[in-house]
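Enquirer: 3D, please:
(one chain, ligands or ions: 1)
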Amino acid sequence: MAKAKVLTLLIPTDGKRVLLGLKKRGFGEGYYNGFGGKVEPSDESVEAAARRELEEEAGVTAKECVRKGLLRFHFDDKPVPWEVHVFTTGLNLEPKEPKETEEMKPQWFAVEDIPYQKMWADDEYWYPLLLAGKEFEGDFYFENTHKLVRHHLRET
Ligand SMILES: CNc1ncnc2c1ncn2[C@@H]1O[C@H](COP(=O)(O)OP(=O)(O)OP(=O)(O)O)[C@@H](O)[C@H]1O
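Expert: Next up, the predicted model:
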């Protein structure tokens, strides 16, 4: 199988509130999502990439970052699967409040108000595990980029 494209997703939360961003451009435009993107092909670590993307997209630095999961997205219209490394960080961000950037409009949500209907279709399956502090691994299969047709998800 072709080598996967490696991406990050970092979600600041204390289990009660969660910081998401409305993606303003590019892949996933119009969806709320965690913060993340491609790992630099150089020798950047996946965790360093996760922290860098949070800084670029929300203007805040995460102190500690904990790896929670691995998601593989399989698209019938893309040549290679995407491997997304999911991290959380607490709410001790520096500065405390994020700022809007060219790429993302950050917004706080109570966990019971997470707008799954405005997010990627896989999110409603694994966010509850992440928010419960669980670790997980999953495969999600999409048609025409957006339509989730099947998935496997397990706690690790
Ligand atoms: C299919 N189901 C999905 N469910 C949840 N999250 C998903 C996702 N598919 C992609 N994602 C995330 O969306 C971001 C895209 O990143 P993206 O903006 O394209 O990356 P990056 O900023 O490096 O790209 P540019 O070079 O700026 O275009 C990145 O965090 C990635 O993990």
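Enquirer: only C-alpha atoms from now on, for both contacts and neighbour counts.
Expert: Will do.
Enquirer: surely Glu64 and Leu93 touch.
Expert: No - counting by C-alpha atoms under 8 Å, Glu64 does not reach Leu93; the two are 9.4 Å apart.
Enquirer: what comes into contact with the helix ranked longest in the chain?
Expert: Criterion DSSP state H: the longest helix present in the chain is helix 46-58. With contacts defined as C-alpha atoms under 8 Å, 6 or more residues apart in numbering, helix 46-58 is touched by 7-10, 21, 35-40, 60-62, 65, 85, 87, 98-106.
Enquirer: how about stretch 133-142?
Expert: 68-76, 122, 126, 129-130, 148-156.
Enquirer: taking the residues you listed one by one, which sit in helices?
Expert: Checking the contacts of stretch 133-142 against DSSP H, those in helices are 126, 129-130.
Enquirer: among those residues, which one sits closest to the ligand?
Expert: Within the ones in helices among the contacts of stretch 133-142, proximity to the ligand (C-alpha to the nearest ligand atom) peaks at Trp126, which comes in at 9.7 Å.
Enquirer: list the contacts for the closest one?
Expert: Residues counted as contacts of Trp126 (C-alpha under 8 Å, 6+ apart) are 136, 153.
Enquirer: pLDDT score assigned to it?
Expert: At Trp126, the pLDDT value in this model is 98.
Enquirer: the nearest residue to Lys3 once chain neighbours are set aside in helix, strand or coil?
Expert: Excluding its sequence neighbours, the residue lying closest to Lys3 (C-alpha to C-alpha, 6 or more residues apart in numbering) is Val80, at 6.6 Å. What DSSP: H, G, I helix; E, B strand; the rest coil gives for Val80 is coil.
Enquirer: is it true that Val80 touches Ala4?
Expert: Yes - using C-alpha under 8 Å, Val80 makes contact with Ala4 at a distance of 5.5 Å.
Enquirer: ok so, going back, and the longest helix of the chain, what's buried?
Expert: 46-47, 49-58 (16 or more other C-alpha atoms under 10 Å).
Enquirer: now distance to Gly28 too, for the residues you listed, in JSON lines please.
Expert: JSON lines is the format used below for those (distance: C-alpha to C-alpha, whole Å):
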{"residue": "Val46", "distance to Gly28": "21"}
{"residue": "Glu47", "distance to Gly28": "22"}
{"residue": "Ala49", "distance to Gly28": "19"}
{"residue": "Ala50", "distance to Gly28": "17"}
{"residue": "Arg51", "distance to Gly28": "20"}
{"residue": "Arg52", "distance to Gly28": "19"}
{"residue": "Glu53", "distance to Gly28": "15"}
{"residue": "Leu54", "distance to Gly28": "16"}
{"residue": "Glu55", "distance to Gly28": "19"}
{"residue": "Glu56", "distance to Gly28": "17"}
{"residue": "Glu57", "distance to Gly28": "14"}
{"residue": "Ala58", "distance to Gly28": "16"}
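Enquirer: that's all I had, so thanks and see you.
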